[in-house]
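*Asks:* test case, fold it:
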Amino acid sequence: MSNSKLKNIRISIVCPWFLRGDAVGHSANDYYNALRETGFSNVRALGVRNDFPDMNFELCEDAKSLEENRWFRQSDLIVYHFAIHHELFEALGNPKKTGKHVVCFHNVTPKHLMPKRIWDVIDRSFAQIALFKNADAIWVDSRENSEELTRQSIKDLPFIELPIAVDRPAIGALEDKPTRQIDLMCVGRFFSSKGILDIVDALAKVKRMTNRHFVLRLVGNTDFSDPEYIREVKERVCLYGLGENVDFIGKVDEVTLARVFRQSHVLVSASYHEGFCVPVIEGLRAGMIPVTYDAGNLRWIAGGRGRTVTTGNVDGLADTLVEIIEGVAESFDDPAAPVLPLDGGMKSAQQFSKDAKTYASSFSFDNFTGRLERAVTHVFETNA
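*Replies:* Predicted coordinates for the structure are as follows:
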């Protein structure tokens, strides 16, 4: 197919919820914008809810309404964004479907890490993955997501890795941050799978192990969080007497979020499951050192530019946080001294900032648009 003809194809981006504050919703919106930016003018978003008014969006609530949608029926390419079960994805199993069908897989959190009330949904999500065998290609955010599909017996299909675009916050440098205290940050939804209680338990130990003053800021959209888990986190903070060390901010506006990134030195994640983990790249952009468990894609996402700890090892997390806190404090006196103990070796604050900026910039929206354009071309070349 010629390039001019390819750019005139009709494309449907199918995602149940194009939500702000949600990684999958933002990713689906990025796909829409990137395709439009690279010259694909005939693109529409189809789903149940849309928080992005600039998108050309059509409401489809289930597979039947999707299959009856004129734009969907006439589309040459359909891209499904899958992270949890929804009736929309049943359209993949229709033997009479037309066009090229691609699944962008964002992974599914195992049910033992989620509240029991949604275990049935998780079971149905993993069962629905079997429909991927009817796709023409699979696009994944990460190596972890590719390996998960292999574990789910999805293979013999073209796999292309398309890391999520991350263009915020503003690029920062560790050596330019405030030096009055060590600021830590944890950002994301509040669910048991995110290991917030592990972080609080670790900080209780950290407080006994160092004289450095530190504050952890917990940031996340509580609209998508588990209220019972939030209550438990707050109770644990009080139990340990960490009121001066843990600031539960919760939902914030963009200006406040940017400010917290700008002033923080360390990004902490004790998540038990990650298919990509956008906050790690955001932290690196902001000049923050990521300290994380090694679950899922967390083992690879920072590329040695932070510290990983065996998942569930709270003592190890505490020890590592102390090492990083001490290293950051020492870097205040000499930003050129190699005092930061990272997985990739001892680094100075200046060298870390340089490396983090270069690496995080590779996830830019501009780079993503180029990868996506090549992926679309590959679908039509491979399945010609």
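
*Asks:* tell me the helices and strands packed up against the longest helix seen in the chain.
*Replies:* For the chain, the helix with the greatest residue count under DSSP state H is helix 314-333. If you count contacts as 3 or more C-beta pairs under 8 Å, 6 or more residues apart in numbering; DSSP states H and E, helix 314-333 packs onto strand 182-187, helix 196-209, strand 266-269, strand 289-293, strand 307-309, strand 340-342. (Glycine included, C-beta is placed from N, CA and C.)

*Asks:* so which elements touch the last one?
*Replies:* Okay, so that is strand 340-342. The helices and strands touching strand 340-342, judged by 3+ C-beta pairs under 8 Å, 6+ apart, are helix 314-333, helix 349-361.

*Asks:* which outside residues touch the helix or strand that comes right after it?
*Replies:* Sequence-wise, the next helix or strand downstream of strand 340-342 (DSSP states H and E) is strand 345-347. Judged by C-beta atoms under 8 Å, 6 or more residues apart in numbering, the contacts made with strand 345-347 from elsewhere in the structure are 304, 338-340, 355.

*Asks:* make CSV out of the helices and strands packed on strand 340-342 and add mean neighbour count.
*Replies:* What follows is the helices and strands packed on strand 340-342, written out as CSV (neighbours: other C-beta atoms under 10 Å):
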stretch, mean neighbour count
helix 314-333, 20
helix 349-361, 19
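
*Asks:* mind splitting the chain into its structural domains?
*Replies:* For the chain, whose domains are defined here by automatic domain parsing, the residue ranges read 3-165+364-382, 174-361.

*Asks:* and residue 17, how many neighbours?
*Replies:* Residue 17 has 17 neighbours, counted by other C-beta atoms under 10 Å.

*Asks:* for the closest residue to it other than its chain neighbours, what are its contacts?
*Replies:* Nearest residue to residue 17, sequence neighbours excluded (C-beta to C-beta, 6 or more residues apart in numbering): residue 49, at 4.9 Å. Listed by C-beta under 8 Å, 6+ apart, the contact set of residue 49 reads 16-19.

*Asks:* which of these lies closest to residue 294?
*Replies:* Proximity to residue 294 was ranked across the contacts of residue 49 by C-beta to C-beta; first place goes to residue 19, at 28.6 Å.

*Asks:* ok now whichever strand or helix holds residue 260, how far from the chain's centre?
*Replies:* Residue 260 belongs to helix 254-263 when elements are defined using DSSP H and E. The gap between the average C-alpha position of helix 254-263 and the chain average comes to 18 Å, counting by C-alpha atoms, centre = their mean, to the nearest Å.

*Asks:* okay, buried residues for it please.
*Replies:* In terms of neighbour count (16 or more other C-beta atoms under 10 Å), helix 254-263 has its buried residues at 257-258, 260-263.

*Asks:* can I get those residues in CSV including pLDDT and distance to residue 375?
*Replies:* Compiled in CSV, these are given as follows (pLDDT from 0 to 100; distance: C-beta to C-beta, whole Å):
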residue, pLDDT, distance to residue 375
257, 93, 30
258, 94, 31
260, 96, 34
261, 97, 30
262, 96, 34
263, 97, 37
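
*Asks:* and the lowest-mean-pLDDT helix or strand in the chain, what's buried?
*Replies:* The weakest-scoring helix or strand in the chain, judged by mean pLDDT, DSSP states H and E, is helix 3-6 (a mean of 82). For helix 3-6, the buried set under the neighbour-count rule, 16+ other C-beta under 10 Å, comprises residue 6.
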